[in-house]
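> quick one, what's the 3D model for this:
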Amino acid sequence: MWKPACRLPANARRGRIGRPWGSSERRSFSRSPGILSRQPPTSGHAARAQVEQEKRRKEKEKAILNAQHSVVDGHNIKWTETERIVYAGATLPGEKKDTTLPFPASYSPQYVEACWYQWWEKKGFFSPELHSSLPHAVDQSFSMCIPPPNVTGSLHLGHALTVAIQDALVRWRRMQGHKVLWVPGCDHAGIATQVNLRFMYNIVQFFYSERLCVCVCVCVCLRKGDEIYHQLRKLGASLDWSRACFTMDPDFSSAVTEAFVRLCDSGLVYRSEGLVNWSCALGSAISDIEARPELRGRTLLSIPGYEQKVEFGSMIAFVLSDGEISVSTTRPETMMGDVAIAVHPDDPRYQALHGRECRHPFTGRLMPVVTDTVVDMSVGTGAVKVTPAHDQTDFLLSQRHSLPRITVIGEDGTMTSSCGPWLEGVKRFEARERVLEALVEKQMFKGKMEHPMALPVCSRSGDVIEPLLKKQWFLRCGEMAKKAVDDGELELIPHLHHKTWRNWLSSISDWCISRQLWWGHQIPAYRVSFPGSTDADTEQWVWGKSEAEASERAAAKFGVTPDAITLTRDPDVLDTWFSSALFPFAMLGWPQKTADLQQFYPNSLLETGSDLIFFWVARMVMLGTELTGQLPFRQVLLHSLVRDKHGRKMSKSLGNVIDPLDVISGVSLQRLQEKVKEGNLDPRETAVAMEAQRRDFPSGIPECGTDALRFALCSYKAQGEDISLSVSQVLSSRHFCNKMWQTVRFALGVLEPRDTVPVSSVDRWLCSRMYSTVQQCERGFENYDLLSVTSALYSFWVHNLCDVYLVSKMYLARVTARSVLFHCLTITLSLLAPFMPFLTEELWQRLQPHAGGKSAVVTSLCLQPYPRSSQLTHWYFPQEEADFPFVQDVIRVARTLRSQCCMTKAKPDSKSCVNSSLYKQAFRSHCFYKVRTHTDTIKTSLGLCIKMEIYFLQGNVGTDKQSAQLSQRRQKLLSKLEQLQSRTRMPHYAERVPQRVRQETENRVSCGLDENWRNKCQIKT
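The predicted structure follows:
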């Protein structure tokens, strides 16, 4: 499974990419030069929005810590630990489960989920090679890749949502007869792996050999990768494990090398000097996904390497040129690198200074005053210092005005020799204080004010990102992005993402793909040097799939023999996102023309979270189109983010993630808290996470099972608003699982399959509802609307099959009714199979002995044909289906009245006066009021007028208690009515109250009067 046998890079501590410093001196925003990111300046309105967002985040944390929430998930979950039934059959791993054992009295996920997955996997049910043996096979294929999770992590409920949606679609297509391939895989996660090694084993690349570090990485990946694959199996994911793919596998590594060489040959990959996001703590450039903006006002933050907290969110002002110009900045420590002062050309305050020069207060350097529209006159003093080597906006400004670039902060976060002896070697944020003290001494300091800003922080190390000017490898994205936009063949679902997609790609910048790590794909580029050459500053580079190929390329390029040159391979590695972007075709054997590549590429669909649309989806589209000449997929299905009960995004950095296995098998509060402590979290985040757990899950999380979790996840509206997942909803799905279990358990005692020809009106109604449910499932799957599918299936099983058809055992005395029941059960289990693979397999296998001569060789439900409405047209009875909702309404009301009469167990004979045989038959077995209720005239869809009187003929109704309850309810109702009517009697009511409000009040009064009349009649009777 894990084959990380590839050449790994040497230890290097140089880098680039990134996201330069957040809002330098002027605009308080963070922008990135070379990470495949759009870089619009943040307006004051956007900055305020960011501050408000941060304020809400703090309020949520405070509410959690202070226990201010009134509704808590854990207090709403009413559950008791039920008996866990264990499967005790003598089934060897990989053998089919014995379903002839006695049917357990209650549903137990542990019993149901035993043995099935091992049997599916051993039989190869998830392999596309089995397609040809299916009797219902069609000449269509369906392929998809799983978004490869980081190998050092573990899956949480956000991943579980992806798996539940993808597996439902995959199983549906497989049951339709398509040739299906769903490939599992993991990402090597370069930066995350090294950070975890530092945290777990205190391994730092500066002090250990490359070989030792790589060996530890391999061991960690083997262990963690198996954990992830175990989670996927427990989730029931029908993946083809024989094709499992790891981005550090030899074949995949060869594909990465091939891609880099091709892109270099085409001129899309180039080496240049530019600003990158640099993490001083990691000693590497990082990408956007590691750059997490911490939105603060004036705030003290803990920074790695500093004993005292560092203040951010402040802007200082100082004067230059004898007070002629006042400059504002948020980064005084970079003053030694200032080369100019920039003002807006239309700013009246500085019109007289255009073209003049100011002298640097510390270096004596003359700095020109340049004009540029990028300066925001409304922020600070309207004049900003220009530091091209440490700010992306300043870097671009230096290109327009031909300004020099002076690096004053090094890779380790200390000041360079360019700053002079008084600052050289001083840490950057300690240098900040020294510069401020020096400004005060020179009487140039004007003051300090609070200034909210977006501060780029490395999510891996907690270090503040430093923009540094470095030479690295970049990928040109402009032309590739233009193709992706202009092509127009890619469909994003939901379509609301299309506008953002186009706008973002149209403003894309080049992507820095170098990383200074020892875990990853070493860049296949070589620096060429000649014996005796003294020009060390000039760089000559070649690339190749191997050193021998690179040597041949260098010899041909420079017109010398291979022996006359020396090649030194670049020690850096490629960005992890680069290899992940190749996944849709590299997993199929690219660049070799394999059978899988020809059969399953392009992929049929990509399903992933909406937060990856730019980090991963855009890169796959660009590289896939460039390297293969085709879009990697035609459709992208984007689901919403999963949030916790308090509205916070589920994130490992917040400690609020939930392991899906904890929901499946149950977990104690103590174990949940231990997992938080095991994470590398900030102490405050740890405290917030643990307090949220204590309040949300005071008794832990109950055992819900895989099927309940998957069904609950697919029962949310995944396309649109974010999902606020509640464990109580998963527990409700487990109750539905138990409902299914008890239904089949009951049915097994009465079934008698034969040709199903509905005779009675109730039979015809149920069959017609079955037909309509199949139609709803077809439409839902075709539109990727899984919510409508799960809702239709739940409604049919609970409200149609159980609440109506099975409430009376007298129906099942008829042979036809038992046949209708059998076929409805088997069809519904097939419809539910993509969502509940374990439970439906268990129940379907137990039903097969009752299938009679129709059953051929019994295999697995996951290989059975998915029900089609075209095969059930003879079951469609629109008249019965249109009439029966009235019956259901009466039944629901009757049950409510029965509960109010305290007759939940008693079932006295009833009498109903209804002039319709359909309704008489349906009402016959239900308990109604003993006394006569008020008579209503009700119109059905047929236009018939039906008078109905319902009686209890025997039984203890409990009229005294019922009368007391009605009187109490009537008093409350009269009080509310008096309040509403008093509003209407206020002076000038008609003139001052809007028409809409008056109408709503009148409606409420009318409804209240009507309910009061009904209660009064019931009390009198």
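
> rest of the way, CA atoms for contacts and neighbours
OK.

> ok, and the closest non-adjacent residue to Pro149?
Spatial nearest neighbour of Pro149, chain neighbours left out: Cys186 (5.2 Å); criterion: CA to CA, 6 or more residues apart in numbering.

> got a list of what the nearest residue to Lys385 once chain neighbours are set aside touches?
Of all residues not flanking Lys385 in the chain, Ile341 sits nearest, at 4.6 Å (CA to CA, 6+ apart). Residues near Ile341 by CA atoms under 8 Å, 6 or more residues apart in numbering: 367-370, 383-386.

> show the buried residues in those.
If you count burial by 16 or more other CA atoms under 10 Å, the buried members of the contacts of Ile341 come out as 367-370, 383-386.

> out of those, list just those in strands.
For the buried ones among the contacts of Ile341, the ones inside strands are 367-370, 383-386, with DSSP state E as the criterion.

> out of the residues you listed, who's nearest Phe142?
Nearest to Phe142 among those: Val386, at 54.5 Å, using CA to CA.

> so the closest one sits right up against Val343, yeah?
No - with contact defined as CA atoms under 8 Å, Val386 does not count as touching Val343 (10.2 Å).

> where along the stretch 151-300 of the chain do the strands fall?
Using DSSP state E, counting those that start in this stretch, the strands of the stretch 151-300 of the chain run over residues 179-183, 185-186, 245-246, 269-279, 284-285, 291-296, 299-301.

> of all these, which one is nearest Asn503?
strand 291-296 (21.5 Å).

> what is the mean pLDDT for the closest one?
Averaging pLDDT along strand 291-296 yields 58.

> same check on stretch 413-428?
94.

> returning to that earlier point: rebuild the ones in strands among the buried ones among the contacts of Ile341 as TSV, extending it with distance to Lys675.
Putting these into TSV (distance: CA to CA, whole Å) gives the following:
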residue	distance to Lys675
Met367	55
Pro368	57
Val369	56
Val370	55
Ala383	50
Val384	47
Lys385	47
Val386	47
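
> ok, so of these, who is nearest Glu357?
Each of these was checked against Glu357 using CA to CA; the closest is Pro368, at 4.2 Å.

> now the closest one: how far from Ile165?
Taking CA to CA, to the nearest Å as the measure, Pro368 and Ile165 are separated by 59 Å.

> what do you get for Gln472?
Distance from Gln472 to Ile165, by CA to CA: 39 Å.

> picking that back up, of all the strands of the stretch 151-300 of the chain, which one is nearest Val798?
Val798 lies closest to strand 179-183 among the strands of the stretch 151-300 of the chain, at 32.0 Å (CA to CA).

> helices or strands next to the closest one in the packing?
strand 141-145, helix 157-175 (3 or more CA pairs under 8 Å, 6 or more residues apart in numbering; DSSP states H and E).

> what sits up against that strand?
Contacts of strand 179-183 with the rest of the structure, by CA under 8 Å, 6+ apart, involve 126-128, 131, 137-146, 170, 173-174, 238-241, 243-245, 587, 600.

> in PyMOL, how would I select just the buried ones from the residues you listed?
Below is the selection syntax for PyMOL that covers the buried ones among these, with 16+ other CA under 10 Å defining burial:
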select buried, resi 126+127+128+131+137+141+142+143+144+145+146+170+173+174+238+239+240+241+243+244+245+587+600
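
> so can I have a markdown table of the helices and strands packed on strand 179-183 showing distance to Leu872?
Converted to a markdown table, these look like this (distance: least, CA to CA, whole Å):
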| stretch | distance to Leu872 |
| --- | --- |
| strand 141-145 | 26 |
| helix 157-175 | 17 |
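
> I'm done for today, thanks for sticking with me.
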